[in-house]
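J.: I would like to see how this sequence folds:
(one chain, ligands or ions: 2)
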Amino acid sequence: MRVIVLVTQKGGSGKTTLCLNLAVAGEAAGARCLILDLDPQATAEAWYHDREAATPRLVRATAGDLPRALEAARAQGFSHVLVDTPGRDEPSVAAAIRAADFCVVPCRPTPADMKATPATMATIRRLAKPAAFVLTQTPPRGFRIREAEIGLQVLGPVAPVGVVARNAFQDAQGAGLGIVEFEPDGKGAEEIRALWAWLESRLEKIGHEPQAHLA
Ligand SMILES: Nc1ncnc2c1ncn2[C@@H]1O[C@H](COP(=O)(O)OP(=O)(O)O)[C@@H](O)[C@H]1O
Ligand SMILES: [Mg+2]
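T.: Ligands and ions are numbered 1, 2, ... in the order given. Predicted structure coming up:
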């Protein structure tokens, strides 16, 4: 079982959106995904309530609950746990990073988002976890993406797949769906499927490395 943690102190950067969408895409690709919602605001859980499909499953947890929740997930045969974390520095954030096989750090290509990333990366580094930034809510193309990549690469690897700002992400979430269900042939669905495939290849490599280190 692999634990993927979506983490960054910056609220609104896309943790919950990536978490839900990756879990739905993962299920569609044959994985058994559990979403673990550590955010007291429970945005992911609200989506889950609006949802009719039986998968992916979602449970809420706290920092104290986390080891037990992961143990239960393992016993139930989940292949992946995607952990959504709060956008504040709470004890559950460090607990989630500690439990991670891989940390995904969503970041918008804005100065405010980029300034907020070093603290999160410092914690990930201290706990020696593999991690990568994922650029989110980007323009479809242009210099901002490249500039953000160059800026973030100083702090850690940047995933080769980013996610463009698209209304379909918000509409899908409002309908209790993942974007691969809401608009299967759209570009957003393509981005999420590509991101899932990239994450799987990262996790596969880590599985063959003797010790965890930065991706
Ligand atoms: N790629 C995207 N395109 C359009 N809207 C997005 C995208 N990613 C996130 N959003 C929207 O931005 C807001 C914040 O995203 P969210 O995933 O909740 O961030 P976080 O969990 O990091 O606080 C939400 O309203 C969400 O629907
Ligand atoms: Mg959130």
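J.: Name the nearest residue to residue 67, ignoring sequence neighbours.
T.: residue 99 (7.4 Å; C-beta to C-beta, 6 or more residues apart in numbering). C-betas here are computed from N, CA, C, even on glycine.
J.: Need the distance between the two termini of stretch 137-157.
T.: 18 Å (C-alpha to C-alpha, to the nearest Å).
J.: So which bits of that stretch are buried?
T.: By neighbour count on 16 or more other C-beta atoms under 10 Å, the buried set for stretch 137-157 is 137, 138, 145, 148, 149, 151, 152, 155, 156.
J.: Is any residue of it near ligand 1?
T.: Yes. Using C-beta under 6 Å from any ligand atom, stretch 137-157 comes into contact with ligand 1 via residue 137.
J.: per-residue confidence averaged over that stretch?
T.: Here stretch 137-157 scores 96 as its mean pLDDT.
J.: about what we covered before: let me see the contact set for the residue nearest to residue 67.
T.: By C-beta atoms under 8 Å, 6 or more residues apart in numbering, the contact set of residue 99 is 3, 5, 66, 67, 70, 83.
J.: who touches stretch 185-203?
T.: 2, 4, 18, 21-22, 25-26, 28-29, 101-102, 104, 130, 132, 134, 159-164, 166, 168-169, 172, 178-180, 182-183, 215.
J.: which SS class is the nearest residue to residue 112 once chain neighbours are set aside?
T.: Closest residue in space to residue 112, ignoring its immediate chain neighbours: residue 10 at 7.4 Å, by C-beta to C-beta, 6+ apart. Under DSSP: H, G, I helix; E, B strand; the rest coil, the three-state class of residue 10 is coil.
J.: Just want the phi and psi numbers for residue 10.
T.: When read as degrees, to the nearest 10, the backbone of residue 10 gives phi -80, psi 120.
J.: Check residue 106 too.
T.: In terms of degrees, to the nearest 10, the main-chain angles of residue 106 are phi -70, psi 140.
J.: so residue 120 sits right up against residue 6, yeah?
T.: No. At 10.9 Å, residue 120 does not count as touching residue 6 under the criterion of C-beta atoms under 8 Å.
J.: Please identify which of these two sits among more neighbours.
T.: Using other C-beta atoms under 10 Å, the more surrounded residue of residue 120 and residue 6 is residue 6, with 28 against 25.
J.: Now do the same contact list for the residue nearest to the more buried one when sequence neighbours are not counted.
T.: Once flanking residues are discounted, residue 6 sits nearest to residue 15: 4.2 Å by C-beta to C-beta, 6+ apart. Residue 15 is in contact with 6, 7, 8, 84, 85, 87, 106, counting by C-beta under 8 Å, 6+ apart.
J.: Contacting ligand 1 as well, which ones from those?
T.: Among the contacts of residue 15, the residues within reach of ligand 1 (C-beta under 6 Å from any ligand atom) are residue 87.
J.: Tell me where the chain has strands.
T.: 2-6, 33-37, 57-60, 80-84, 102-107, 131-135 (DSSP state E).
J.: in the chain, what spans have low per-residue confidence?
T.: Counting by pLDDT under 70, the chain contains low-confidence ranges at 208-215.
J.: Please report the distance of the residue nearest the centre of it from ligand 2.
T.: Residue closest to the average C-alpha location in the chain (C-alpha atoms, centre = their mean): residue 6, at 3.6 Å. Residue 6 is 8 Å from ligand 2, where distance means C-beta to the ion, to the nearest Å.
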